[in-house]
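S.K.: okay, sequence plus prediction incoming.
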Amino acid sequence: MEYDAWSDLRKVFDAAAEKTGSAIAYSRLRLERAKCLNRLNGLYEELGRASYFALVRSREPDTASLVEQITRKRRELEELCAGLGEGSTVTCPFCAGQNRSDSTYCADCGAPLT
């Protein structure tokens, strides 16, 4: 039986291509998660700003739309985290920051997540 180096080489290249494809898909998910988290933080900022100016002007803040957007974005973030195999997230009771479910302390404010 004759040794076929080209066949072995092809197997190696195919395996490398598969691993590269997986790495690219994982990197895209991480990028989407980072974008989602960035937008979520922006929405929290908008909510805080709206609440502040409403209090300064002594009227009710118009926050319903922002709360709805935040809720949708949090669900999106949870789906992205699940896609990355990071499991569910835990919301900090002090700052509402999103943390991995196995976290002991909040990554945003350092509060205990018990």
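M.R.: Perfect, thanks for sending it.

S.K.: quick one: the residue most central in space within the chain from residue 84, how far?
M.R.: Geometric centre of the chain, nearest residue: residue 33, 3.5 Å, by C-alpha atoms, centre = their mean. Per C-beta to C-beta, to the nearest Å, residue 33 is found 7 Å from residue 84. No exception for glycine: its C-beta is placed from N, CA and C like everyone else's.

S.K.: and if you look at residue 21?
M.R.: For residue 21 relative to residue 84 (C-beta to C-beta), the value is 16 Å.

S.K.: now residue 5
M.R.: Distance from residue 5 to residue 84, by C-beta to C-beta: 38 Å.

S.K.: now do residue 91
M.R.: Distance from residue 91 to residue 84, by C-beta to C-beta: 18 Å.

S.K.: what is the mean pLDDT for the lengthiest helix in the chain?
M.R.: When the chain is parsed with DSSP state H, its longest helix is helix 5-56. For helix 5-56, mean pLDDT rounds to 86.

S.K.: list of residues touching the helix or strand just after it?
M.R.: Per DSSP states H and E, the first helix or strand lying C-terminal to helix 5-56 is helix 64-83. Residues from elsewhere that reach helix 64-83 (C-beta atoms under 8 Å, 6 or more residues apart in numbering): 29, 32-33, 36-37, 39-40, 43-44, 46-47, 50, 87-89, 91, 98, 100.
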